[in-house]
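S.K.: Predicted coordinates and the sequence they were generated for:
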Amino acid sequence: MSPPRSPLAGMALVAFGAIGFGLMPLFARTAYAEGLPPLSLLTWRFGIAVLCMLPFLGHMIAARRETLVATLSGAGYMGINLFYFLALERLTVGLTVLILFTYPLFTILIGWLGFKERLTWQNALAALLVLAAAMLILSPAGFGDGVLDWVGIGMAFVPPAAYALFVHVAAKRLSRMTIPVRLGGVFLGGLIAMLVLGLIMDGGITTPASLPGWGAVAALAILSTVVALGLLLIGAPAAGAERSAIAGASELVTALAVGAIAFGESLDIRMIGGTVLIFAAILLAARSPAAPHNQPHAE
């Protein structure tokens, strides 16, 4: 698959990938119910993803330096992303996802303060619309029984900041690599990070003990990793970091639908209003002037 050149095409790929990310709570909670702990689940997730990249092993070896950069990027982000899965054990899907959707604001702040990017009013307003949509959809029914778990909330705030930085890395640094190197390196980094953490924190990696457990692991690896993360890494260079963050808001609607349908979490007419705000944010970000250095490099 050749990388997209149009920012709108890049946004579309990121948005479709975000749907796969939105399915993660379904697969994760199914695996938890089958007795698989978070670190073991994530190790199998990236292990299967790496296996899917074996046909491109020769390509990755030939680009050793770039593969190493992608691997280190994947290990850093995916290691931090563990906090999302730990937070899901302590908080409702709704509250965890609401906190996750502060990442468009983090993305814009990192771009503005860290990379000296121009702050457009379209992107800033779009990020606020995404956050408003999350609050409209989730508050107050999505917060659980009203007793806040501050440890879980603290864990839940780590991934959005890390994800915002990773989107910038994907849009700027990883865009210089061929697609197999981007994907294979990031997946390999995630596997190494989860394997090391699992051995240190859990003393080993647990194997799924049932067919539903294996099914949840396989679905998480293929739909929410190979497909979802693949579309992000392919689309982000063309879309740019800020637009990618806004397009990723399609994950919110997916995750909330999962919470309502699969886990019986509260959901009402406010979801329609929140969905309208999300689409408005995506359309607004699509009209934002593109940053020249966010465009993809030739591969």
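M.R.: Now that the structure is in, tell me what you want to look at.
S.K.: Next one: L199 from I205, what distance?
M.R.: Computed as C-beta to C-beta, to the nearest Å, the L199 to I205 distance reads 7 Å. Every C-beta, even on glycine, is put in place using the N, C-alpha and C of the backbone.
S.K.: which of those two has more neighbours?
M.R.: Comparing L199 with I205 by other C-beta atoms under 10 Å, the one with more neighbours is I205, at 18 against 13.
S.K.: what residues are up against the more buried one?
M.R.: L39, S40, T43, W44, L195, G198, L199 (C-beta atoms under 8 Å, 6 or more residues apart in numbering).
S.K.: Mind jotting down where the helices sit in the stretch 1-150 of the chain?
M.R.: Using DSSP state H, counting those that start in this stretch, the helices of the stretch 1-150 of the chain run over 7-22, 24-33, 38-52, 57-62, 64-90, 93-100, 103-109, 121-138, 150-172.
S.K.: Give me the distance from stretch 46-56 to the chain's centre.
M.R.: 19 Å (C-alpha atoms, centre = their mean, to the nearest Å).
S.K.: List the contacts of that stretch.
M.R.: By C-beta under 8 Å, 6+ apart, the residues outside stretch 46-56 that reach it are 60, 78, 180-181, 183-184, 187-188, 190-191, 194, 217-218, 221-222, 225-226, 229.
S.K.: Among those, name the buried ones.
M.R.: 60, 78, 180-181, 183-184, 187-188, 190-191, 194, 217, 221-222, 225-226, 229 (16 or more other C-beta atoms under 10 Å).
S.K.: I figured S6 hits G235, correct?
M.R.: No. Look at S6 against G235 with C-beta atoms under 8 Å: they stay out of range, at 10.2 Å.
S.K.: quick check: mean pLDDT across the helix or strand harbouring G215?
M.R.: Here G215, judged by DSSP states H and E, is contained in helix 211-221. Helix 211-221 shows a mean pLDDT of 94.
S.K.: got a list of contacts for the host helix or strand of L283?
M.R.: For L283, the host element (DSSP H and E) is helix 270-286. The contact list for helix 270-286, computed with C-beta under 8 Å, 6+ apart, reads 7-8, 11, 15, 104, 122-123, 125-127, 129-130, 132-134, 136-137, 242-243, 246-247, 249-250, 252-253, 256.
S.K.: What mean pLDDT does it get?
M.R.: pLDDT averaged over helix 270-286 gives 77.
S.K.: ok, now stretch 71-85?
M.R.: pLDDT averaged over stretch 71-85 gives 85.
S.K.: which of the residues in that stretch are buried?
M.R.: For stretch 71-85, by 16+ other C-beta under 10 Å, it's 71, 73-85.
S.K.: how about the closest residue to N123 other than its chain neighbours, what does it touch?
M.R.: Spatial nearest neighbour of N123, excluding adjacent residues (C-beta to C-beta, 6 or more residues apart in numbering): E242 at 4.4 Å. By C-beta under 8 Å, 6+ apart, the residues touching E242 are P104, T107, I108, G111, E117, T120, N123, A127, A285, S288, A291.
S.K.: Quick check: of these, which has the highest neighbour count?
M.R.: Neighbour-wise, these (other C-beta under 10 Å) top out at P104, 32 neighbours.
S.K.: Can you tell me what sits against stretch 19-30?
M.R.: With contacts defined as C-beta under 8 Å, 6+ apart, stretch 19-30 is touched by 38, 41, 84-85, 88, 93, 96-97, 212-213, 215-217, 219-220, 223-225, 227-228, 231, 248, 250-255, 257-259, 262-263.
S.K.: Filter those down to the buried ones.
M.R.: Using 16+ other C-beta under 10 Å as the burial test, the contacts of stretch 19-30 include 38, 41, 84-85, 88, 93, 96-97, 213, 216-217, 219-220, 223-225, 227-228, 231, 248, 250-255, 258-259 as buried.
S.K.: residues contacting R182?
M.R.: Contacts of R182 (C-beta under 8 Å, 6+ apart): A70, A170, L174, L233, I234.
S.K.: Next, format the residues you listed as a markdown table and append distance to V151 and neighbour count.
M.R.: What follows is the contacts of R182, written out as a markdown table (distance: C-beta to C-beta, whole Å; neighbours: other C-beta atoms under 10 Å):
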| residue | distance to V151 | neighbour count |
| --- | --- | --- |
| A70 | 32 | 28 |
| A170 | 30 | 25 |
| L174 | 33 | 23 |
| L233 | 32 | 29 |
| I234 | 36 | 24 |
